[in-house]
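Asker: Structure for this input, please:
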Amino acid sequence: MLAVPYGSAADQSNPATNTASLADLSVEQLMNEPVTSVARRETKFDESPAAISVITQDDLRRQGITTIPDALRLVPGLDVAQINDHEWAVSVRGFNNEFANKLLVLVDGRSVYGTGFGGVVWGAQDLVMEDVERIEVIRGPGASLWGANAVNGVINIITKSAKDTMGGLVSVAGGTIDQPMTEVRFGGQLATNLYGRVYGKFDNREGLVTGAGQEAPDRMLSGQGGFRLDWVPSEENTLTWQGDLYHIRNVENQAVSSWVAPYETSEDFVDNDSGANVLGRWTHDFSGQSSVTVQAYYDYFKQEQAGAADAANTFDLDAQHRFALGSRHDLTWGLGYREVEDDFTSSAFAGWDVTAAHNHLYSSFAQDEILLVPERLKLTLGSKLEHNDYTGFEVEPTGRLAWTPGEHQTIWAAVSRAVRTPAWNDLHADANLLLTPVPGTPGLMDFVSYGNPHLKSEDVIAYELGYRMELTKHLSLDVAGFYNDYDHLIAPSSVNTSFVGGAPSYLLVAATYENAGSADSYGVEVSARWDVTDHWHLMANYSWLEMQLGFDSPYLESGPAQQAQLRSALDLPWHCELNGVVSFVDQDTAPYSVSQMSIPSYVRLDVGVVWHATPNLELGVWGQNLTADQHVEFPSYKTLLVTEMPRSVVARLTWHF
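Answerer: Modelled structure (predicted):
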């Protein structure tokens with residue numbers, strides 16, 4: 001089973017088992033739990049024709065997780081690597097980087113994928129962890145429903161309805177890195193069938209460590225607040241209105257070029273990231289098989305990078321309609337419009353030849369789930385049609401087949417096409433990468449990269465095959481295999497060299513972004529869950545990835561060939577829990593300055609004890625990265641200083657009232 005929730009059916013006197021969560025469900029019940037990301041409507045987990053994982057609130061609570069990237073470490077096949085205290089590289093099935101651009105991320109239906117630099121700024125994706133209902137992760141293309149950039153996967157973070165967060169919450173965490181993190185939330189019933197909550201959150205994170213064991217210059221301070229309203233005026237209608245406001249102060253090291261010796265220096269910069277968003281959604285149910293949903297949101301996000309900045313304003317409107325056609329067709333279709341305005345500020349490190357971007361995205365999709373053999377065989381056909389101002393018209397179709405030969409097993413197969421549209425950074429950015437003396441000469445060598453406004457979208461044809469089975473009522477197995485055929489991959493590959501005279505003279509090495517070539521990747525992801533007893537649950541997963549680039553480039557990272565993980569959740573007497581995770585990540589290479597860096601394999605061990613002192617008071621203590629003093633996970637492209645993950649301890653006190 002794929003990172004499915006776990007828990008126990010232990011003595012009901014234990015407050016850990018009195019929460020209304022998926023933790024109390026058996027393997028058999030979990031296989032029947034609904035997910036929404038595969039078809040943009042509820043489908044059963046075990047019958048979903050995709051490689052999907054679910055991280056639940058109980059997973060987050062048991063492991064003491066305080067960030068979204070750390071939660072994603074629980075997903076098989078996901079490559080999660082921390083760069084420094086506030087930056088991560090997160091991808092699936094290859095191509096990881098700080099701005100990994102082939103993974104679409106949604107928060108309650110709002111896309112947080114940035115079109116300026118590409119990818120996701122993970123340090124800005126902060127939530128009250130108690131308010132996260134679940135995180136659904138699709139490994140493999142999801143573009144036929146969710147659109148461009150859902151190339152290798154989709155992450156859908158779903159928060160709880162305000163109705164499910166009544167009363168107050170105070171949570172304080174502190175340790176060797178979190179110093180401290182404080183969350184306050186209050187929810188209540190405002191009128192008949194109208195519920196609301198407000199929250200505030202403050203985070204103070206210490207820097208990680210350098211290779212010499214000293215504190216790294218990457219400390220982070222952040223403050224965030226928000227609200228959510230849920231109104232159910234009738235059985236047929238549901239309305240949601242929510243929003244967030246946040247500010248983040250980051251310290252980070254940056255390599256700075258100079259035309260005087262020593263030419264390349266290392267400086268600490270203070271970056272201020274800020275943002276706000278508001279989202280509204282209306283759902284009307286005509287019947288159990290027919291509904292319409294209309295959603296609109298506005299999002300503002302400003303990101304700084306060592307003096308350079310991107311301020312983005314996004315407006316999005318989306319509508320979808322689901323209905324049954326006869327007894328064998330379940331159709332879903334929709335229309336969408338998105339407008340994104342970016343305003344760029346240049347620095348000595350990075351600049352843009354066009355500093356204002358304005359992109360209009362028009363989209364439509366249709367999907368038909370066809371029942372070929374009742375209770376046995378289903379065929380899903382669909383496609384997304386999009387038009388953007390950068391690359392024009394894009395078509396992203398899929399075909400998925402699900403066969404259930406028995407009550408407790410599903411065999412599925414899929415063929416899909418997805419695209420990744422160029423970011424504005426690919427099209428128009430000019431970046432200074434490295435300035436260095438030429439050995440044996442008085443001259444210098446200046447490495448720069450240039451954008452290319454004529455780029456096409458990257459595309460992939462993905463073939464997938466999966467098998468999901470409930471072996472017994474206490475044991476489940478999930479296997480997914482894939483083969484991806486990429487084309488038109490974007491990388492700075494066209495290199496021109498020229499001598500520039502003067503004082504000082506230098507050799508200019510300029511790389512221009514191009515649709516450089518193709519690549520193939522294939523692999524297998526396996527996961528299982530075993531309910532040893534009602535009080536003890538084990539989850540294991542293993543993934544293998546092989547990638548072959550059709551061209552040479554130090555800027556594209558393949559990902560670790562092998563990853564493995566074993567999780568244990570044990571309910572102890574006296575209202576206590578013992579939870580642990582041991583993970584293995586294979587050796588890897590990553591982009592580093594104008595070349596690549598080798599990252600050694602590592603084993604990570606996290607162990608935590610949670611005590612439910614009363615039904616409303618919980619105390620947890622966790623040791624993290626216990627197997628070594630420190631280890632490297634991923635370098636930054638902005639500096640030669642490599643930050644490492646240290647051994648750490650965190651304690652958390654949570655009070656519901």
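Asker: strands paired with the helix or strand V184 falls within, and their directions?
Answerer: Element membership of V184 [criterion: DSSP states H and E] is strand 178-191. Paired neighbours of strand 178-191 in the sheet (DSSP bridges): strand 167-175 (antiparallel), strand 194-205 (antiparallel).
Asker: Could you check how far Y297 is from N277?
Answerer: For Y297, the distance to N277 equals 6 Å [C-beta to C-beta, to the nearest Å]. Bear in mind the C-beta positions are built from the backbone N, C-alpha and C, glycine included.
Asker: what's the answer for R110, then?
Answerer: Applying C-beta to C-beta to R110 and N277 gives a distance of 6 Å.
Asker: re the thing from before, need the strands paired with strand 178-191 in TSV with mean pLDDT, mean neighbour count and distance to F634, can you?
Answerer: Output for the strands paired with strand 178-191, formatted as TSV (pLDDT from 0 to 100; neighbours: other C-beta atoms under 10 Å; distance: least, C-beta to C-beta, whole Å):
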stretch	mean pLDDT	mean neighbour count	distance to F634
strand 167-175	94	17	22
strand 194-205	95	19	17
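Asker: For T43, find the nearest of those strands.
Answerer: Closest approach to T43 among these (C-beta to C-beta): strand 194-205, 26.7 Å.
Asker: Contacts for the closest one, please.
Answerer: Contacts with strand 194-205, where a contact means C-beta atoms under 8 Å, 6 or more residues apart in numbering, come from 85-86, 126, 128, 131, 161-163, 165-166, 177-190, 219-231.
Asker: What subset of those is buried?
Answerer: For the contacts of strand 194-205, a neighbour count by 16 or more other C-beta atoms under 10 Å gives the buried set as 85-86, 126, 128, 131, 161-163, 165, 177-178, 181, 183-187, 219-220, 222-224, 226-231.
Asker: Overlap in contacts, R110 and N277.
Answerer: By C-beta under 8 Å, 6+ apart, the residues touching both R110 and N277 are Y297, D299.
Asker: Poorly predicted segments of the stretch 551-657 of the chain, please.
Answerer: Residues of the stretch 551-657 of the chain that meet the criterion pLDDT under 70 are absent altogether.
Asker: picking that back up, would you list the strands paired with strand 178-191 in TSV and tack on distance to H329?
Answerer: Formatted as TSV, the strands paired with strand 178-191 follow (distance: least, C-beta to C-beta, whole Å):
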stretch	distance to H329
strand 167-175	44
strand 194-205	36
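Asker: And stretch 520-539, end to end?
Answerer: 30 Å (C-alpha to C-alpha, to the nearest Å).
Asker: In it, which residues are buried?
Answerer: 521-523, 525-531, 535-539.
Asker: State the mean pLDDT of that stretch.
Answerer: Taken as a whole, stretch 520-539 carries a mean pLDDT of 95.
Asker: How about stretch 219-227?
Answerer: Rounded mean pLDDT across stretch 219-227 is 95.
Asker: what sits up against that stretch?
Answerer: Contacts for stretch 219-227 (C-beta under 8 Å, 6+ apart): 85-86, 123, 126, 196-207, 242-251.
Asker: do the same with stretch 368-381
Answerer: 39, 47, 49, 327-331, 367, 382, 397-405.
Asker: Among these, name the buried ones.
Answerer: 39, 47, 49, 330-331, 367, 382, 398, 400-404.
Asker: Next, give phi and psi for A71.
Answerer: The phi/psi pair for A71 (degrees, to the nearest 10) reads phi -60, psi -40.
Asker: how close does it get to V251?
Answerer: 24 Å.
Asker: Between those two, which has more neighbouring residues?
Answerer: Neighbour totals were compared for A71 and V251, and A71 leads with 22 against 18 (other C-beta atoms under 10 Å).
Asker: Could you look up the SS state of the nearest residue to that one once chain neighbours are set aside?
Answerer: Closest residue in space to A71, ignoring its immediate chain neighbours: I65 at 4.8 Å, by C-beta to C-beta, 6 or more residues apart in numbering. Following DSSP: H, G, I helix; E, B strand; the rest coil, the label given to I65 is coil.
Asker: Determine the number of other residues adjacent to I65.
Answerer: Neighbourhood size, I65 [other C-beta under 10 Å]: 23.
Asker: May I have the phi/psi pair for it?
Answerer: phi -80, psi 130.
Asker: I'd guessed it sits against L127; true?
Answerer: No: the criterion here is C-beta atoms under 8 Å, and I65 misses it with L127 at 10.9 Å.
Asker: In terms of helices and strands, where is A628?
Answerer: For A628, there is no helix or strand it lies in under DSSP H and E.
Asker: who are the neighbours in contact with it?
Answerer: Y602, V603, R647.
Asker: I'd guessed the second one sits against V582; true?
Answerer: Yes: proximity of V603 to V582 meets the contact threshold set by C-beta under 8 Å, at 6.8 Å.
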